[in-house]
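>>> sequence plus the predicted model coming up.
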Amino acid sequence: MAEIVPSGLAPHLEDEVRDQPAGAPGDHGDRDRDSVRRTAAYIGERLLGAAVSLLAVIFTSFFLFRIVPGDPVRVMTHGRPVTIEQKVALAREFGLDKPLLEQFVSYLLGVLRFDFGESFQYNRPVLSMVGERLGPTVLLVGASLLVSTLLGFWLGVQGAWKHGSTADRVNTGVALTLWSVPSFWLGLILIVVFGSGLGWFPTAGMRTPGVEGSAAVLDVAHHMVLPLVTLVAVVYAQYLMVMRSSLLDEMGSDYLVTARAKGLRDREVKRRHAVPNALLPTMTLVFINVGFVLFGAVLVETVFSWPGLGKLFYEGLSVPDLPLVQGLFVIFSATVILMNLISDLLYPVIDPRVRP
């Protein structure tokens, strides 16, 4: 007998009805085993893809920065009375006199041990420096992701529900304009206007020397305003546009028509039915953007002298400090890969329509 699926249900309800067992009791066990095999294959495929991507990043990080112009020994000894013999000794100390293949093998073995070597300019292990600078970056990037996600969600919902209104056109236009603006340029404009011009906010650093106790928290928040606004302004448009587009697609669905026919008010239809289903693509974007915002924070942290990983990457690139930039590049890229993997694994859980 053909399987009957009631029409007018929300997508997750339709899948629950469709997935109900039919036929002999043994068919249910076979179906469960097939589902487990498909799920295992799906997870294995995603894990393999992440491993291959990470391996490609490790290879790329070594050779990419070898073509960056600049001699680390010459830069670090610039302006100092150093003999040629001393420069040769420095190159030997950093391992720059070895053949390229030997350098790569040494680098690869170190990465496998989670050892990225010692910084040329700081003479310290790269991982210890990353640990010191991680906190400021997590604070800035985490706050910007939270604010931009909430702002984009809210404006996207309002824009879709009042599609074509003046507020929708203005919000969408402003978001797209800010999205197209380079983050470093916007940061410089904010410094000129609100920092140097009006003097409302500090323009560099994370805290004021000598400020301690509870006042230090407010001082850090005061320093974080301009870099936070810069990151939010160039990121929130993505969430707005995806949320708006997803909700517009949902608004014409049959289950919303059925909900309205039952007498539900528009506010309840939006809150209980349309928005939860439209959130799914946007939630995936949130995971993916966690890694990419780290790359974007490089320019913002440099412009505002924020003592995080982004500014550390810029400092290493100016030498170039090969162990430092290689280690940070692998860490940034691994974060992107990890967030993509998590989103791939979670998406079938929160959306039954795409389960393997």
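Looks like it came in fine.
>>> is it true that residue 129 touches residue 119?
Yes - counting by Cβ atoms under 8 Å, residue 119 is a contact partner of residue 129 at 6.4 Å. Bear in mind the C-beta positions are built from the backbone N, C-alpha and C, glycine included.
>>> mutual contacts of these two, please.
Common contact partners of residue 129 and residue 119 (Cβ atoms under 8 Å, 6 or more residues apart in numbering): residue 324.
>>> what's the burial count for residue 342?
As a burial measure, residue 342 scores 16 neighbours (other Cβ atoms under 10 Å).
>>> could you do residue 224 as well?
Neighbourhood size, residue 224 [other Cβ under 10 Å]: 21.
>>> check residue 345 too.
Residue 345, neighbours per other Cβ under 10 Å, totals 15.
>>> mind listing what's buried in the host helix or strand of it?
Assigned by DSSP states H and E, residue 345 belongs to helix 322-350. The neighbour-count check on helix 322-350 (16 or more other Cβ atoms under 10 Å) flags 322-337, 339-344, 347 as buried.
>>> next up, the contacts around residue 183.
Applying Cβ under 8 Å, 6+ apart, we find residue 183 in contact with 230-231, 234, 296, 299-300.
>>> let's see 6 Å
230, 234, 296, 299-300 (Cβ atoms under 6 Å, 6 or more residues apart in numbering).
>>> most neighbours out of these, which is it?
Top of these by neighbour number is residue 230, holding 29 neighbours under the definition other Cβ under 10 Å.
>>> what helix or strand is that one on?
With DSSP H and E as the test, residue 230 turns up in helix 214-251.
>>> and that helix, what other elements does it pack with?
When contacts are defined as 3 or more Cβ pairs under 6 Å, 6 or more residues apart in numbering; DSSP states H and E, helix 214-251 packs onto helix 126-161, helix 166-179, helix 183-190, helix 275-303.
>>> and those as TSV, adding distance to residue 100 and mean pLDDT?
Formatted as TSV, the helices and strands packed on helix 214-251 follow (distance: least, Cβ to Cβ, whole Å; pLDDT from 0 to 100):
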stretch	distance to residue 100	mean pLDDT
helix 126-161	20	85
helix 166-179	40	85
helix 183-190	33	86
helix 275-303	27	72
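>>> out of these, which gets nearest to residue 33?
helix 275-303 (27.7 Å; Cβ to Cβ).
>>> grab the nearest non-local neighbour of the residue nearest the centre of the chain.
The centroid of the chain falls nearest to residue 290 when counting by Cα atoms, centre = their mean (2.0 Å). Of all residues not flanking residue 290 in the chain, residue 339 sits nearest, at 4.6 Å (Cβ to Cβ, 6 or more residues apart in numbering).
>>> same check, this time on residue 144
residue 231 is the one closest to residue 144 (Cβ to Cβ, 6+ apart), at 3.8 Å.
>>> in stretch 176-193, which residues are buried?
So, applying 16+ other Cβ under 10 Å, buried residues of stretch 176-193: 178, 183-184, 186-188, 190-191.
>>> re earlier: against residue 53, how distant is the residue nearest to the centre of the chain?
16 Å (Cβ to Cβ, to the nearest Å).
>>> swap in residue 167?
Distance, residue 167 to residue 53, using Cβ to Cβ: 41 Å.
>>> now swap in residue 165 and tell me
Taken as Cβ to Cβ, the span from residue 165 to residue 53 is 42 Å.
>>> okay, these two: which has more neighbours?
residue 53 (16 against 12).
>>> what helix or strand does the more buried one sit in?
Taking DSSP H and E as the definition, residue 53 sits inside helix 25-64.
>>> so residue 211, which of the three states?
coil (DSSP: H, G, I helix; E, B strand; the rest coil).
>>> neighbours of it, how many?
Residue 211 has 14 nearby residues by other Cβ under 10 Å.
>>> quick check, it in contact with residue 219.
Yes - assessed by Cβ atoms under 6 Å, residue 211 is found in contact with residue 219 at 4.6 Å.
>>> where does the stretch 251-356 of the chain dip in pLDDT?
For the stretch 251-356 of the chain, applying pLDDT under 70 flags the ranges 252-257, 259-264, 266-276, 278, 281, 291-296, 350-356.
>>> redo that, cut-off 80
251-297, 318-321, 343-356 (pLDDT under 80).
>>> how near is residue 147 to residue 165?
To residue 165, residue 147 is 24 Å away according to Cβ to Cβ.
>>> find the nearest non-adjacent residue to residue 58, please.
Sequence neighbours aside, residue 111 is the residue nearest to residue 58 in space, at 5.7 Å (criterion: Cβ to Cβ, 6+ apart).
>>> doesn't that neighbour fall inside a helix?
Yes - counting by three-state DSSP, residue 111 is located in a helix.
>>> report how many residues lie close to it.
Other residues near residue 111 come to 19 when the count uses other Cβ under 10 Å.
>>> now residue 218
If we define neighbours as other Cβ under 10 Å, then residue 218 has 10 of them.
>>> kindly report the same for residue 51.
Residue 51 has 12 neighbours, counted by other Cβ under 10 Å.
>>> in contact with it, which residues are there?
Residues near residue 51 by Cβ under 6 Å, 6+ apart: none.
>>> try it again at 10 Å.
337, 341 (Cβ atoms under 10 Å, 6 or more residues apart in numbering).
>>> same question, residue 180
Residue 180 touches 234, 237, counting by Cβ under 10 Å, 6+ apart.
>>> phi, psi for it please.
phi -90, psi -10 (degrees, to the nearest 10).
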